[in-house]
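Engineer: no sequence for this one, just the structure:
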């Protein structure tokens with residue numbers, strides 16, 4: 001009986017400690033959100049730090065985002081890397097990871113992260129669209145088309161991918177496809193100047 005009472009007592013202490021720790025973390029996150037809302041990114045980081053542990057996925061993810069907003073890109077990358085290691089099947093830390101990489105113009109690393117997303121979720125719209133955009137800007141229009149076609153199949157009436165696909169087809173001299181897509185872009189955004197310009201460039 002004494003052993004049962006002692007075990008119960010220790011369990012209550014452990015649960016109370018866990019609840020207290022969780023309560024502290026929740027309060028810190030709440031304060032952090034309030035600071036972020038006021039664009040006080042350093043303060044938003046500061047209130048989280050007392051609760052930081054390298055093994056906590058949520059805090060690493062949050063610190064990665066806040067560090068990016070604060071312009072601390074290398075720190076942001078460090079936090080996102082830890083989040084990725086903690087949850088290797090998760091897409092959200094990989095999506096976050098590309099923000100500081102893009103800010104530092106590390107485009108090959110950005111491509112690597114988007115491809116990592118596509119290994120987990122081949123039909124991810126954002127990864128396909130942004131890879132299409134990167135290769136479009138690199139004037140590698142055939143590779144761009146491969147990714148844009150996937151994104152377009154997922155969202156056939158979404159302006160960004162319809163509009164970019166139209167310009168990409170125009171660059172490939174696929175004039176019929178470009179015309180169809182520019183007209184579709186104008187259905188989404190009537191009087192869109194870029195789409196009107198694209199139609200004028202069709203021979």
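Structural biologist: Everything's here; your move. Quick caveat, the model's predicted, so the values are computed rather than measured.
Engineer: how confident was the prediction at the spatially most central residue of the chain?
Structural biologist: Geometric centre of the chain, nearest residue: residue 95, 2.6 Å, by Cα atoms, centre = their mean. Per-residue pLDDT puts residue 95 at 97.
Engineer: before we move on, which element is it in?
Structural biologist: Per DSSP states H and E, residue 95 falls inside helix 92-103.
Engineer: relative to helix 92-103, how tilted is whatever helix or strand comes next after that helix?
Structural biologist: Note on helix 92-103: by DSSP H and E, the next helix or strand toward the C-terminus is helix 107-120. Orientation check (axes from the mean of the first three to the mean of the last three Cα atoms, to 10 degrees): helix 107-120 against helix 92-103 gives 160 degrees.
Engineer: list the contacts of helix 107-120.
Structural biologist: Helix 107-120 is contacted by residues 89, 91, 94-95, 97-98, 101-102, 124, 126-128, 130-131, 134 when judged by Cβ atoms under 8 Å, 6 or more residues apart in numbering. Backbone N, C-alpha and C define where each C-beta goes, glycine included.
Engineer: can you say which of those are buried?
Structural biologist: 91, 94-95, 97-98, 101-102, 124, 127-128, 130-131, 134 (16 or more other Cβ atoms under 10 Å).
Engineer: make a markdown table out of these and add distance to residue 156.
Structural biologist: Below are the buried ones among the contacts of helix 107-120 laid out as a markdown table (distance: Cβ to Cβ, whole Å):
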| residue | distance to residue 156 |
| --- | --- |
| 91 | 23 |
| 94 | 25 |
| 95 | 23 |
| 97 | 29 |
| 98 | 25 |
| 101 | 29 |
| 102 | 26 |
| 124 | 16 |
| 127 | 18 |
| 128 | 13 |
| 130 | 18 |
| 131 | 18 |
| 134 | 21 |
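Engineer: from those residues, pick the one nearest residue 34.
Structural biologist: Proximity of the buried ones among the contacts of helix 107-120 to residue 34, judged by Cβ to Cβ, is greatest for residue 95, which lies at 24.1 Å.
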